[in-house]
Every structure is written in structure tokens, then in C-alpha cells.
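**Student:** here is a sequence together with a model predicted from it:
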Amino acid sequence: MFVLENGAKKGEDPRLQAISEAIRVVPHFPKQGIMFQDITTLLLDHNAFKDAVDIFVDRYRDMDISVVAGEVISEKYVLEYGSDCLELHVGAVHSSERVIIVDDLVATGGTLSAAIRLLELAGAEVVECACVIGLSDLKVRSKLNGKPLYILLEPREVENGF
């Protein structure tokens, strides 16, 4: 169950409803207590995935964005259950290009923070971070070096986890 963008209630935007329903929750993965938000099922639902892409396109259409970074020099960072590394192909972004960072989920902000550092190291201007899912109980915005964070869906608490 998800709270929709900007606190909207289910039913107010059928696109967000479809996106929410297309996301699978895998309990206790990758470790006990984690409720993994799996967007693989969203990617397989052509209509819901198109809706998610359309929402992002509508948001960024007039922002003069030159690069969209998904997961991409190298930057190590700590996750809530381990560590990881992002890599950026040399020449993938150029100095002064305007970039949005898109990720499936933001929890602690570690991945987004590493991506911001990596892209800024390459000379890009990070305009905003955008995520399909945001875990609202964690204070991630302070890790994003003042960059705005746009979230489509936030899990709503239920009895056994979210």
C-alpha cells in the first residue's frame, strides 16, 4: 500500500494508482526485517511503466535537462545493509550539463548522495533527484547536498512492515 505523490489519496490520479499496484513487496529481503520494494513487476507492466515515465517526462519537460542518470570515474557508498559502488562512464556527462538522477527507491539516501558526488565530480549540474518510491520515515534530504527530491510513491505503514 502506498501513499501517493504529495499526499494525494488513492483514486485521485489513476496513473499513480496503477503504478502503486504494479510494485511487488518481498518481505525479509535481502535480510530479515527489510520489506524490499521490487519494481521489476512495474517494469513488466507496460501501461504502469509508461505512466511512471510519463509523469517524470511531464515534470522535467521544461527544465532544460540534458542528461538523465540512472545508475552510472567510481564512488563507494554505504547502504543500510552493506556497501556498494557507482561507476560513471568517462565522457558520459560533460561539464555544465544539467542532470536529473532517477532511481527506483530512496531509503537512506546513500545511493543518491554518491550519484550527486560522482556527477558533480564530472562537472555536471545535478538539478534534482527523482525516485519511484521513497521511504518517508528516513531523513534523506540532508544527505543530498541541497538537491530537491521528487518522489512518486511512499509506502504506508501496515501491520507487518510498511
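**Tutor:** That came in fine, so what should we check first?
**Student:** can you give me phi and psi for the most centrally placed residue in the chain?
**Tutor:** Nearest residue to the geometric centre of the chain (CA atoms, centre = their mean): residue 131, 2.3 Å. With angles defined as degrees, to the nearest 10, residue 131 sits at phi -130, psi 150.
**Student:** these two touch, right, it and residue 107?
**Tutor:** No: distance between residue 131 and residue 107: 9.6 Å, which falls outside the contact criterion (CB atoms under 8 Å). Bear in mind the C-beta positions are built from the backbone N, C-alpha and C, glycine included.
**Student:** in the biggest helix by length in the chain, which residues are buried?
**Tutor:** Using DSSP state H, we find that the single longest helix of the chain is helix 46-60. Using 16 or more other CB atoms under 10 Å as the test for burial, helix 46-60 gives 48, 49, 51, 52, 55, 56, 59, 60.
**Student:** shaky segments in the chain?
**Tutor:** For the chain, the stretches with pLDDT under 70 are 1-12, 70, 72-74, 80-81, 136-138, 156-162.
**Student:** just the strands in it please.
**Tutor:** Ranges of strands within the chain are 2-4, 24-27, 35-38, 67-69, 74-79, 82-87, 98-106, 125-134, 149-155, based on DSSP state E.
**Student:** redo the ones you listed as JSON lines? Include distance to residue 116.
**Tutor:** Shown next, in JSON lines, are the strands of the chain (distance: least, CB to CB, whole Å):
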{"stretch": "strand 2-4", "distance to residue 116": "25"}
{"stretch": "strand 24-27", "distance to residue 116": "28"}
{"stretch": "strand 35-38", "distance to residue 116": "22"}
{"stretch": "strand 67-69", "distance to residue 116": "10"}
{"stretch": "strand 74-79", "distance to residue 116": "9"}
{"stretch": "strand 82-87", "distance to residue 116": "10"}
{"stretch": "strand 98-106", "distance to residue 116": "7"}
{"stretch": "strand 125-134", "distance to residue 116": "5"}
{"stretch": "strand 149-155", "distance to residue 116": "11"}
